[in-house]
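Peer 1: my questions are about this predicted structure, shown below with the sequence.
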Amino acid sequence: MELDGCLSTPDTGCHIWQGNQYPPSGFGMYRTINTWWYSANPDTIFNASLAVQVATPDSIVGYDSVCFEPNQNNSYSLSPNPLPGAQNYEWHLFQDTISLQSWNTLLPCLDSVFFPDTGSYSLISRGYNNCGYGIPDTLHIKVFSPDTISISISSSVNEICEGTLVIFTATSFNGGPSPVFHWKVNGVNQGINDSVFSYASANGDEIVCVLTSSITVCTANNPATSNSILMTIYPLLPVAVSIIPSNDTVCEGSQVTFTANAINGGINPSYQWQVNGVNVGTNNPVFTYYPASGDLVSCILTSSEQCTVNNPVSSIQYPVSVIATPVVTFTPCFDTVTTTNARPIRLKGGIPLGGGRLFRTGSNQRVFLSQLSRPWLKNDHLHIYKRCIL
């Protein structure tokens, strides 16, 4: 250490520092009385007064850029340690020009600095001893707000049909240049380290994402957990349709009615009728028309249900059987038919399958073939009706 002061002795001989050298600690000025020996006469002892000044700190050691956290304890110390000439140390903390706290310590260390908020602070320290104070040093400190880490996720849909792939997208805040994404389904890790996750969900699945920011200094909420998305999955409903005719076989010129029975058609099903592959009719579960023999009738059903299988679906092609009107001729054997002189009549033409012959007399009596053997009323005229009777 350098001693600053004057040495006062009774003579001008060669003097040697002898005895209790006072080790420096603290800063400021102090005096000590030391014993000096006169080299020409070692038996002669002189008392000398020496004034010693406390050293100025080289620096205050500690963070000058601090991430603010409530109740965070920050530590600082002086360099060199110990400070020459100092017995004790004085510390002051200022925010702008406002003094916040002061400390006195025996060692050149301060372990209990709390910053109440973000902003600019000054920490001042100096050493002192019995004679006075040394020159202080100042550390300017900037206290920053931590970067809050956060993440949110969204999905392309959250109500979807069974088996459909759903795309989940993560939006991160303060994730840094190399963020890490951990996707979880019902708490179990899924997928890869990516901000996009594709997954065919099951009903009731809960999807979240955990973000670990690559920012390692002054962050809060790291890692961060996203919101959760609860999936609603609808089962796939098989769609089917069948058609039923009013009659399997109809007479030529008669109408036939088909009725469609839908399975999983929904509240607003659509019906498209076809005859021989050509669209006919209207959007109605009932279809009536005059068929031709050999027609193939079918119905295409489009369900209004959200989640379906085999939609639209076509019924079978139902064949229609049409019986043609028979050709029957009447040839009388005689000009007159009387009650007293009955004569036979001759009919030509076959009886249709499942049918018969119907006659009507001039008096508008209906007569079937089985009745022709009875006597007829005089002057009755016999008319033949060609009909298909089912």
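Peer 2: Good, I have the coordinates.

Peer 1: what sits against the residue nearest to R126 when sequence neighbours are not counted?
Peer 2: On the basis of C-beta to C-beta, 6 or more residues apart in numbering, the spatially nearest residue to R126 that is not a chain neighbour turns out to be P136, at 3.6 Å. Where C-beta positions appear, they are placed from N, C-alpha and C, glycine not excepted. Contacts of P136 were listed using C-beta atoms under 8 Å, 6 or more residues apart in numbering, and they are 57, 90, 124-126.

Peer 1: give me that answer again for 7 Å
Peer 2: Taking C-beta atoms under 7 Å, 6 or more residues apart in numbering as the criterion, P136 is in contact with 124-126.

Peer 1: who wins on neighbours among the residues you listed?
Peer 2: Of all the contacts of P136, the most densely surrounded is S125 (26 neighbours; neighbours counted as other C-beta atoms under 10 Å).

Peer 1: that one and F68, how far apart?
Peer 2: As judged by C-beta to C-beta, to the nearest Å, S125 and F68 stand 22 Å apart.

Peer 1: quick check, nearest of the contacts of P136 to I267?
Peer 2: I124 (80.4 Å; C-beta to C-beta).

Peer 1: secondary structure element for the closest one?
Peer 2: strand 119-129 (DSSP states H and E).

Peer 1: need phi/psi at the residue lying closest to A220 once chain neighbours are set aside.
Peer 2: In space, and not counting its chain neighbours, A220 is closest to P146: 4.1 Å by C-beta to C-beta, 6+ apart. When quoted as degrees, to the nearest 10, the phi and psi of P146 stand at phi -70, psi 150.

Peer 1: again, but for the one 5 residues further on
Peer 2: Here is the backbone geometry of I151 (degrees, to the nearest 10): phi -150, psi 140.

Peer 1: surely T308 touches P235?
Peer 2: No: T308 is beyond contact range of P235, at 10.1 Å (criterion: C-beta atoms under 7 Å).

Peer 1: neighbour count for these two, which is higher?
Peer 2: It is T308, of T308 and P235, that has more neighbours when counted by other C-beta under 10 Å, with 20 against 10.

Peer 1: buried residues in stretch 266-286, which are they?
Peer 2: Within stretch 266-286, the residues that qualify as buried are 266, 269, 271-275, 281, 285, counting by 16 or more other C-beta atoms under 10 Å.

Peer 1: what are the ranges of the helices in the stretch 101-250 of the chain?
Peer 2: Taking DSSP state H, counting those that start in this stretch as the test, none of the stretch 101-250 of the chain falls into helices.

Peer 1: flag the shaky bits of it, pLDDT-wise.
Peer 2: With pLDDT under 70 as the threshold, the stretch 101-250 of the chain has no low-confidence stretch at all.

Peer 1: now do 90
Peer 2: Per-residue confidence of the stretch 101-250 of the chain (counting by pLDDT under 90) places the weak regions at 111-112, 114, 129-133, 158, 216-220, 248.

Peer 1: if anything else comes up later, I'll come back, but that's it for now.
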